[in-house]
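Asks: The amino acid sequence is not available; the structure is as follows:
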């Protein structure tokens with residue numbers, strides 16, 4: 001984790017999602033072109049247990065289809081238009097696309113995906129290039145049990161003691177919503193051995209202010225923000 005000490009990491013939220021359809025290869029490509037340090041993506045299972053990259057439980061908002069992701073096979077999901085003719089990618093497709101070009105923040109959107117996600121990361125020898133994040137501490141605990149070398153981050157909106165929650169699940173990073181970030185919080189997290197990421201930051205002045213108080217990374221829809 002020492003490599004985060006003096007860095008300010010730009011994490012492209014579902015790719016360059018302010019400009020391209022979110023969680024698509026087109027969006028991830030644009031993020032790389034805009035010099036994002038990492039791309040963030042969301043993972044859940046299809047009906048036939050393929051790991052697919054889609055944020056919502058349903059496909060309604062992001063595609064021309066309707067209904068739950070979990071009730072559609074990979075073939076059915078691939079038939080949907082995810083915007084500008086893009087298709088919903090699998091996690092494996094995104095990893096193959098990004099190897100050697102970017103690093104990855106993978107958000108686990110449901111229970112049960114942990115083992116296969118860890119297996120894929122090991123398959124592609126990406127332990128040093130991935131953060132696993134979740135709002136659910138138990139998912140991060142399971143990831144650490146499966147692969148202790150994987151770095152993890154606990155995402156939170158609001159909590160009385162986010163540092164304690166992150167430490168309790170073995171996380172390396174604590175990631176509260178940006179409203180709850182202060183210099184005191186960042187310093188307290190670092191003294192506890194945690195680095196701080198925050199989300200979602202799309203204004204240059206806010207990004208610069210967060211960098212100045214010691215935040216190690218921001219999640220942004222606009223990777224060209226700084």
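Replies: Yep, that arrived. The model shown is predicted, which means the values in this text are computed figures rather than measured ones.
Asks: Just list the residues touching residue 81, thanks.
Replies: With contacts defined as Cβ atoms under 8 Å, 6 or more residues apart in numbering, residue 81 is in contact with 63, 64, 87. Where C-beta positions appear, they are placed from N, C-alpha and C, glycine not excepted.
Asks: out of the residues you listed, which is most surrounded?
Replies: Within the contacts of residue 81, most neighbours by other Cβ atoms under 10 Å means residue 63, with 21 neighbours.
Asks: With adjacent residues omitted, what lies nearest to that residue?
Replies: residue 80 (4.0 Å; Cβ to Cβ, 6 or more residues apart in numbering).
Asks: Could you check how far the strand or helix carrying residue 10 is from the centre of its chain?
Replies: Following DSSP states H and E, the helix or strand that holds residue 10 is strand 9-13. Chain-centre distance of strand 9-13: 9 Å, with Cα atoms, centre = their mean, to the nearest Å.
Asks: for the following helix or strand past that strand, the distance to its chain's centre please.
Replies: Per DSSP H and E, the first helix or strand lying C-terminal to strand 9-13 is helix 25-33. With Cα atoms, centre = their mean as the basis, helix 25-33 stands 15 Å off its chain's centre.
Asks: Other residues contacting the next helix-or-strand element following helix 25-33?
Replies: Under the assignment DSSP H and E, the closest C-terminal helix or strand after helix 25-33 is strand 38-45. Applying Cβ under 8 Å, 6+ apart, the contact partners of strand 38-45 are 9-15, 23, 28, 31-32, 51-55, 57, 69-70, 91, 94, 98, 102-110, 112-113, 117, 131, 133, 217, 219.
Asks: Which members of those residues occur in strands, if any?
Replies: Among the contacts of strand 38-45, the members falling in strands (DSSP state E) are 9-13, 51-53, 103-108, 131, 133, 217, 219.
Asks: Quote the end-to-end distance of stretch 166-185.
Replies: 13 Å (Cα to Cα, to the nearest Å).
Asks: ok now it, how far from the chain's centre?
Replies: Counting by Cα atoms, centre = their mean, stretch 166-185 comes out at 15 Å from the chain centroid.
Asks: Could you do stretch 183-194 as well?
Replies: For stretch 183-194, the distance to the chain centre is 21 Å (Cα atoms, centre = their mean).
Asks: returning to what we had before: can you give me the neighbour number for the residue nearest to residue 63?
Replies: So residue 80, with other Cβ under 10 Å, has 18 neighbours.
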